[in-house]
Each structure stands twice: as structure tokens, then as C-alpha cells.
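Engineer: Sharing a sequence plus its predicted fold:
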Amino acid sequence: MTGFEGLGLPASLRRSIEGALAVRFPQSVLLIGPEGPAQALGRMIAAALLCTHGKPCGECASCRKVERQIHPDLIELDEEGEIKVDTARRIRSEALVLPNDGARKVFLLAHVERMNPAAQNALLKVLEEPPKYCFFLLLTVQPDRILETILSRCTRYQLPPEEETPDGELIPLLAPWLRALAEGSEAGMMRAAIGIEKLSRPQVRAWLALLQTALRDAVFAAGSLGPPLLPVLSAETAALAARLPVRTLTALYELCGTLSGRAERNAAAAAMTCALTADAYCLAYLGEGR
Ligand SMILES: [Zn+2]
């Protein structure tokens, strides 16, 4: 664990969080910003709140449990889709149970904006009168979809927007996958996809957008319709154009759009890349989608 320095936060944000931790940290906090960085910051705050030395030292038993995601007093919620009232009620009853290991209990709740109004109201009840050992770290990208009554209970920390990943970083992850697709090697596609699993969700979507551009280039190459948009991948797109008919390339293009929507709605990167490879292989070589 790197401590707050390793998170690349703006200095003012880091100072105010470290300052609050040193004095008296608020029991309800809203971290507003892109999912990956907000989650990393939430985990770091949780580690600090639970650390025996009060700072995330990275060495005490508590810090090590947080790092391995097995700390019994850190409860993380990261559900897919709409979050319903049952989940909020579960959080409330969990909050009434005393901490296991130490003196505190931390709830790290992702996508609070996806809680429906009934769920937000149920959560509000525990935020209004939290047991004194409880800390709630709420994460969101869309604070305007959270009830005013919840917002007014929370101390807000705003993270900077995420920088776009330059194409130059994604092309080395795309080229081997395209080559394996052109060779008809499902195993090769799987191997090439391993690097994609480590990407954040916005990066996966950027990768899919780049793949769409490459498929568009392949269609253009097949019909001699014009120069490629990604000349750096022209060998790969020419190979695809030679191997697959245009209607398959178009179907693959559409598949990318579907998967990009799924990535936005919170599919894990690993599940995404697995589906991408399996579906793309089926479309290209077995003449069907799955
Ligand atoms: Zn520690």
C-alpha cells in the first residue's frame, strides 16, 4: 500500500483528507469523481480509518487485511445495475453490528447514484444517526442523481476528471488481438486479451472504440474506399480485410458498440474481454453470435 502520496491526488485534496483524518474524520463522506480513482481513494481512507497507527502504515495487521480485501470491518458494496431498498436495509442492519477487529467499521459504497429513491431513503436513515463506530464512504460520478437529504449529510471531496488514455498506449494491446483474429486463433485472441483485463472501465471503452476504428479501416481496405484512419495498424486491418467478408467485419463493428454499452453499465473488464473474444470468434468463424 502506497499511502495517499501514491494516488496522484491534487495537493489540496490530499491535504484536506489527511487533515481531516488527523483530527476527526466525518462519518459520512461523498467522493465524487471517476470510478477507478474514487474507489482507490475510498480504500485508502478506509485503510487509514482502520489502521492501528492511524495513517495506512501498510504494515499492521489491519492494513494488510484491507489490502487483501479480507478486513471484516470494511464492507464494500459494488453492485451491478439498479440498487434496491433491500441492499440499503442490509447496510443498515450491518451497521448495527459492532466492529469485529477494532473500534471502527467502514462502509465503501460504490455507485450511490444507482440506488433508487427507496434505497436512498433507507440509507439516509443510517446516515442521520450513524453508530459512532461507523464511517460511510459514498462514491459517485453523478451527485445530481443523489437525494439532497443525503448530500447535505455528507462532506464532499471532488476528484479531478480522468485523463483520456492516448491511442499510443492502447495500440500495443490491440494489434496482437487483431492479428490473432485475422489468423482465426481463438487461443491467440484470449492471450492477447489478457492485457485488456487490467484496464479501467473507461480504458476498456477507449480500447473498444479503437477496435471499431480498426474494423472500419478493414472495411475500407476491402473495398479500396480510402486511406486508413489508423495507418499504424494498416498491416493488421489489411489482413482482416483479406480474411473476413465485409458483412462479418460490420457485425464485429456492431458487437463492439454493444459491448461498450455493457462496459458502461458496469461489466467487469475480465468478463468483458472474455465475451468479446468468444463472441467475435463465433461471429467471424462460426457464422453466428452468442
Ligand atoms: Zn496500518
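Structural biologist: Good, I have the coordinates. Nothing here was measured: the structure is a model prediction, and the numbers come from that model. Numbers count the residues shown, from 1 in each chain.
Engineer: Could you use CA atoms for every contact and neighbour count after this?
Structural biologist: Noted.
Engineer: Which helix or strand contains the residue in the stretch 151-290 of the chain that the ion sits nearest to?
Structural biologist: Using Cα to the ion, the closest approach of the stretch 151-290 of the chain to the ion is made by residue 157 at 23.0 Å. Assigned by DSSP states H and E, residue 157 belongs to strand 155-158.
Engineer: Just checking: what are the partner strands of that strand?
Structural biologist: Within its sheet, strand 155-158 is paired with strand 28-32 (parallel), according to DSSP bridges.
Engineer: Show residues contacting the strand it pairs with.
Structural biologist: 38, 42, 127, 135-143, 151, 153-159 (Cα atoms under 8 Å, 6 or more residues apart in numbering).
Engineer: do the same with stretch 137-151
Structural biologist: Contact with stretch 137-151 is made by 28-35, 38-39, 42, 106-113, 117, 120, 124, 127, as judged by Cα under 8 Å, 6+ apart.
Engineer: From the contacts of strand 28-32, list just the buried residues.
Structural biologist: Using 16 or more other Cα atoms under 10 Å as the burial test, the contacts of strand 28-32 include 38, 42, 127, 135-141, 143, 151, 153-154, 156-157, 159 as buried.
Engineer: how about the helices of the stretch 151-290 of the chain, start to end?
Structural biologist: 167-183, 186-193, 201-222, 234-243, 246-264, 269-281 (DSSP state H, counting those that start in this stretch).
Engineer: Where does pLDDT dip in this structure?
Structural biologist: Applying pLDDT under 70 to the chain flags the ranges 1-2, 264-268, 288-290.
Engineer: Break it down into its domains, please.
Structural biologist: Domain ranges of the chain: 4-158, 167-286, per automatic domain parsing.
Engineer: Could you list which of the contacts of stretch 137-151 belong to helices?
Structural biologist: 35, 38, 39, 42, 117, 120, 124, 127 (DSSP state H).
Engineer: From those, pick the one nearest the ion.
Structural biologist: residue 42 (15.4 Å).
Engineer: ok now do that closest one, which residues does it touch?
Structural biologist: 31, 108, 137, 139.
Engineer: Switch those residues over to a markdown table; also include distance to residue 239.
Structural biologist: Below are those laid out as a markdown table (distance: Cα to Cα, whole Å):
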| residue | distance to residue 239 |
| --- | --- |
| 31 | 46 |
| 108 | 47 |
| 137 | 49 |
| 139 | 44 |
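Engineer: Count the residues that sit near residue 237.
Structural biologist: 28 (other Cα atoms under 10 Å).
Engineer: cool, residue 207 as well?
Structural biologist: Neighbours around residue 207, by other Cα under 10 Å: 23.
Engineer: shouldn't it be in contact with residue 168?
Structural biologist: No: using Cα atoms under 8 Å as the test, residue 207 is too far from residue 168 to be in contact (10.9 Å).
Engineer: sorry, back to before: can you say which two of the contacts of residue 42 are spatially most distant?
Structural biologist: 31 and 108 (10.2 Å; Cα to Cα).
Engineer: higher neighbour count, the two?
Structural biologist: Between residue 31 and residue 108, counted using other Cα under 10 Å, the more crowded position is residue 31 (25 against 20).
Engineer: Find the nearest non-adjacent residue to residue 195, please.
Structural biologist: Leaving aside its sequence neighbours, residue 195 sits nearest to residue 173 (Cα to Cα, 6 or more residues apart in numbering; 6.4 Å).
Engineer: re the thing from before, of all the contacts of residue 42, which comes closest to residue 277?
Structural biologist: For the contacts of residue 42, the nearest to residue 277 is residue 139 (31.2 Å; Cα to Cα).
Engineer: and that closest one, backbone torsions?
Structural biologist: phi -110, psi 140 (degrees, to the nearest 10).
Engineer: ok, so what distance separates it from the ion?
Structural biologist: Computed with Cα to the ion, to the nearest Å, the distance linking residue 139 and the ion is 23 Å.
Engineer: returning to what we had before: mean neighbour count, the helices of the stretch 151-290 of the chain: which tops it?
Structural biologist: helix 201-222 (a mean of 22; mean count of other Cα atoms under 10 Å).
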